[in-house]
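# Whatever this is, show me its structure:
(3 chains)
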Amino acid sequence: MSLTSRTLMEMYEAMRERFGHQGWWPGDGKLEVCVGAILTQNTNWRNVERAIANLRDGGLMSVSALHAAEPERLAKLICPAGYFRVKAKRLKNFIAHVLDSFGDDIDGFLDRPVSTLREELLSVSGIGPETADSIILYAAGKCTFVVDTYTCRVMMRHGLVGPEDGYEQVKELFESSLPEDPELWNDFHAQFVAVGKHYCRPKPKCDGCPLEPFDHDTGDEEDCW
DNA sequence: GACCAGGCACATC
DNA sequence: GATGTGCATGGT
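Okay, here's the model as predicted:
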């Protein structure tokens, strides 16, 4: 096991011990996970839950219903999640893509090789790397590591990646260092979000951070990274 | 009232 | 290719 692998697994254990298994993705069904992945872009999850509840109550939580819905109605229902006009378009784009090749069969759409799925998702306007990877890991249950703001922030503050490292490089670091286990990758990302929410905001709150022991090499006693 | 939240596309340089 | 900006609600 490489130094990086050991470090990452130690980080995971420390976070999991502190926060417990996160049980991601919160949501009911694969389509709802996909919808949530788009709606949560740059948005607090609590607001996304309201938007999802509105869609469910409006009878729109199916590929065909979302496809048939008027964009204005869709936008109104997802309003609590913010950016409602752009997100309504993005949802429509995604749904049109699924419907085109698989109709209402979201399972069929998701049940394909990671590389094919990722390439297709990235071709949809409004789906970037993080959203694509969230859909693949959390809706399809397949191994792809999700990198988000918190992941980059934590990894950078621990000196494990540099400011020059982009999304794909950070993702590659995890994927080449961790055993290929979707359950592990699922909870690992969720733990980063948990630790990020508590301790790794733009203005860090370090007191009590479970990752504190990993900062010893950086030499900065004031911050935990 | 300011800051932040589980990004992405597009324009500009 | 790097950087800046628009998109918008709701909690702290």
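
# if you skip the residues just before and after it, what's nearest to the residue nearest the centre of chain A?
Centre of chain A computed as the mean C-alpha position; nearest residue by Cα atoms, centre = their mean is A:Ser134, 4.2 Å away. Leaving out its chain neighbours, the residue that sits closest to A:Ser134 by Cβ to Cβ, 6 or more residues apart in numbering is A:Ala37, at 4.1 Å. For the C-beta atoms, the positions are set from N, CA and C on the backbone; glycine is no exception.

# who touches the one you found in this structure?
A:Thr131, A:Ser134, A:Ile135, A:Tyr138, A:Ala139 (Cβ atoms under 8 Å, 6 or more residues apart in numbering).

# Let me know the closest of those to DNA strand B.
Among those, A:Thr131 lies closest to DNA strand B (Cβ to the nearest atom of the strand), at 3.2 Å.

# Give me the distance between the closest residue in space to that closest one that isn't next to it in sequence and DNA strand B.
Once flanking residues are discounted, A:Thr131 sits nearest to A:Ala37: 5.1 Å by Cβ to Cβ, 6+ apart. Going from A:Ala37 to DNA strand B by Cβ to the nearest atom of the strand, to the nearest Å gives 6 Å.

# same thing with A:Leu184?
16 Å.

# quick one: is the host helix or strand of that residue near DNA strand C?
Secondary-structure element containing A:Leu184, defined by DSSP states H and E: helix A:182-199. No - against DNA strand C, helix A:182-199 shows no contacts by Cβ under 7 Å from any atom of the strand, the least distance being 10.3 Å.

# Return the residues in contact with the residue of chain A found nearest DNA strand B.
Distance from DNA strand B to each residue of chain A (Cβ to the nearest atom of the strand) is smallest for A:Gly128, at 2.2 Å. Applying Cβ under 8 Å, 6+ apart, we find A:Gly128 in contact with A:Leu122.

# Which element, helix or strand, includes the residue nearest to A:Ser134?
helix A:30-39.

# before we move on, what SS does the nearest residue to A:Val86 once chain neighbours are set aside have?
Take A:Val86 and drop its neighbours on the chain: the residue closest to it by Cβ to Cβ, 6+ apart is A:Gly126, 7.2 Å away. Secondary structure for A:Gly126, judged by DSSP: H, G, I helix; E, B strand; the rest coil, is coil.

# What about A:Gly126, how many residues nearby?
Residues lying near A:Gly126 (other Cβ atoms under 10 Å) number 16.

# CA atoms only: put stretch A:168-183 into CSV for me.
Extracted C-alpha coordinates of stretch A:168-183, given in CSV (Å, rounded to 0.1, in the frame of the first residue of the first chain):
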residue,chain,number,x,y,z
GLU,A,168,-9.4,15.2,-13.2
GLN,A,169,-6.1,15.1,-11.4
VAL,A,170,-7.6,15.0,-8.0
LYS,A,171,-10.1,12.4,-9.1
GLU,A,172,-7.2,10.3,-10.5
LEU,A,173,-5.3,10.5,-7.2
PHE,A,174,-8.2,8.9,-5.4
GLU,A,175,-9.1,6.4,-8.0
SER,A,176,-5.5,5.2,-8.3
SER,A,177,-5.0,5.0,-4.5
LEU,A,178,-8.2,3.5,-3.2
PRO,A,179,-9.5,-0.1,-3.6
GLU,A,180,-12.2,-0.1,-6.2
ASP,A,181,-15.2,-0.3,-3.9
PRO,A,182,-18.3,1.8,-4.8
GLU,A,183,-19.5,1.7,-1.2
